[in-house]
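S.K.: Just the structure for this:
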Amino acid sequence: MNRTVIASLAISAWIFTASCITASAQVRTYDPPLGTKTLYVSGKDTDAPAPAGYAPFFINYIGRHGARHATGTTELVKLDNFLQEAATTGGLLPDGQRLHRMVDILLQIENKYPSGRLTAIGEAEQFRIGKDMGQAYPEVVRQSDDCLQVMSTPEARTVQSAEQFLKGLASASQCITRTPDDSIRLRFFSLSPAYKDFEKKGAWKQAQARLESADSYQSANAAIVHRLFDSAWATKILQGQFYDFKTPGGFTMAIYAAAVIAPGLKEELHNAGYQPEEADIFSLLSSQEAAALDFVDAARDFFVKGPGLDTEGIQVRVAAPLLADFIESTDQWLAGGKKGADLRFAHAETIAPFAAIMGCEGADIPVTDPFHYADVWRSDRVIGYSANIQWVFYRHGSGAYLLKVLYNERPIHLPITTTQYPYYSWKDVREYYLHKLHTLDADPGRDMYGYLKMLR
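M.R.: Numbers count the residues shown, from 1 in each chain. Sure, this is the predicted structure:
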């Protein structure tokens, strides 16, 4: 970046700052955008009763883990060290000093707990979802003869999520099966070499680069840097002179990554003697600046985990094993005639592509212009903490079945015709998804590990 551009950015930064919330504000006056770290808010199930003669009997479920601690402190430590170096040389302005204190507090908290485990809020989220299901469908999941199959990835946070969910479910079931390490169906994204290659150097990177070069993002970065550092440090950061943060965006996104952790640590902060506002990094940012950082951060999730630039892209097709499992497991439950639930606990990387391959509203529309992705997809709604998708099945004495799909506990539309929304004919839904899986060469029953290895 040449000096003319730097100077231009600096001027626009001060103009941008003048129109925003004052830099020294002590109280945040907006709800911060937390992206995938958004705390869970349950939706409202439908009041529309099932058609006459139908009763619920089986729930097929997939959920993301609850609010968690950082999966590691490396980035927090790097940010803290950088701020300490600036402080030592007198380069921090008052808001920079406040930021340094906040980062230090977050490090104190995170160093007390195992990385990646659920926070108290995360445990409460999962307990509440389980409780909601138990209260809504007690005849399906709370009776002694109801069967529960519980699956998770091996990570502690998903195992914890399953435990807390079951506590909230409060089932008297004498028929519980647990599978604590189901990687093919729940961590498919980690088993496909082609998908991992797409993550590193897919065409989406060009779209991401366009967003990062936008004036709004660059101006926000410059305004934040000038607010926190004196002119000498600010100039060096904007010129990319530091090894740890080679671009202004690298630094501000490190701030954003720290900021979104704090809301999920409310109980832990209280136990350590701190008030939430003492770690509220968003209080140092204007609403426009926070939105600019969130927009760029969430875009990567959209491109790499969601519909992105192509709903038939590898980032969606990689979820075929889970869709096939939903079909297979449903067939088995229907054939067996038992009541109960298949409960799966996984990650944001599991939920986003599954929602896209299902065609869930608000989760499956691609874009050609990356600047408009937020018009069709929101990470906070699709893959916030504890995001979940439930297939609730109803059966009739005649042998017919209906399906209602809940996304975060609210009914959603599927790309399938129905005359009795939110209830769909299972026969129609099954045929639709079987056709989709067949076009992907991912028919139920095939070797899904082989499918992931051969995926292109």
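S.K.: Surely Tyr424 is in a strand?
M.R.: Yes. Counting by DSSP: H, G, I helix; E, B strand; the rest coil, Tyr424 is found in a strand.
S.K.: Give me the neighbour count for it.
M.R.: Using other C-beta atoms under 10 Å, Tyr424 is surrounded by 23 other residues. For the C-beta atoms, the positions are set from N, CA and C on the backbone; glycine is no exception.
S.K.: who are the neighbours in contact with it?
M.R.: Leu402, Leu403, Lys404, Val405, Leu414, Ile416, Thr418 (C-beta atoms under 8 Å, 6 or more residues apart in numbering).
S.K.: ok, the fifth one touching Met358?
M.R.: Yes. With contacts defined as C-beta atoms under 8 Å, Leu414 counts as touching Met358 at a distance of 7.1 Å.
S.K.: what touches both of these two?
M.R.: Common neighbours of Leu414 and Met358 (C-beta under 8 Å, 6+ apart) are Val405.
S.K.: Of these two, which one has the most company?
M.R.: Taking other C-beta under 10 Å, Leu414 and Met358 do not tie; Met358 has more neighbours (26 against 20).
S.K.: what's near enough to touch the more buried one?
M.R.: Shown in contact with Met358 (C-beta under 8 Å, 6+ apart): Leu323, Asp364, Ile389, Val405, Leu414, Tyr433.
S.K.: For it, report the pLDDT, please.
M.R.: At Met358, the predicted lDDT confidence score is 97.
S.K.: Ok, the one 10 residues further on next?
M.R.: Residue-level confidence at Thr368 comes out at 95, pLDDT.
S.K.: what's the neighbour count on it?
M.R.: By other C-beta under 10 Å, 8 other residues sit near Thr368.
S.K.: same thing with the one 10 residues further on?
M.R.: Other residues near Arg378 come to 19 when the count uses other C-beta under 10 Å.
S.K.: Could you pull up phi and psi at it?
M.R.: Torsion angles at Arg378 (phi, psi; degrees, to the nearest 10) stand at phi -130, psi 120.
S.K.: now Gln143, what's its secondary structure?
M.R.: Under three-state DSSP, Gln143 comes out as coil.
S.K.: hang on, I meant Ile176
M.R.: Here Ile176 is recorded as strand under three-state DSSP.
S.K.: Pairing partners for it in the sheet, please.
M.R.: Leu148 (DSSP bridges).
S.K.: Return the residues in contact with it.
M.R.: Counting by C-beta under 8 Å, 6+ apart, Ile176 has contacts Cys147, Leu148, Gln149, Val150.
S.K.: which among those gets closest to Asp80?
M.R.: Relative to Asp80, the closest of those is Val150; by C-beta to C-beta it sits at 38.8 Å.
S.K.: Distance from the helix or strand hosting the closest one to the middle of the chain?
M.R.: The secondary structure element spanning Val150 is strand 147-152 (assigned by DSSP states H and E). From the chain centre to the centre of strand 147-152 is a distance of 22 Å (C-alpha atoms, centre = their mean, to the nearest Å).
S.K.: I'd like the average pLDDT over that strand.
M.R.: On average, strand 147-152 scores 95.
S.K.: quick one: the strands in this structure?
M.R.: For the chain, applying DSSP state E gives strands covering 54-64, 147-152, 175-179, 340-346, 388-396, 401-407, 410-411, 423-425.
S.K.: With distance to Arg456 as extra columns, can I get the ones you listed in JSON lines?
M.R.: Listed next are these as JSON lines, based on distance: least, C-beta to C-beta, whole Å:
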{"stretch": "strand 54-64", "distance to Arg456": "25"}
{"stretch": "strand 147-152", "distance to Arg456": "28"}
{"stretch": "strand 175-179", "distance to Arg456": "29"}
{"stretch": "strand 340-346", "distance to Arg456": "24"}
{"stretch": "strand 388-396", "distance to Arg456": "27"}
{"stretch": "strand 401-407", "distance to Arg456": "30"}
{"stretch": "strand 410-411", "distance to Arg456": "36"}
{"stretch": "strand 423-425", "distance to Arg456": "32"}
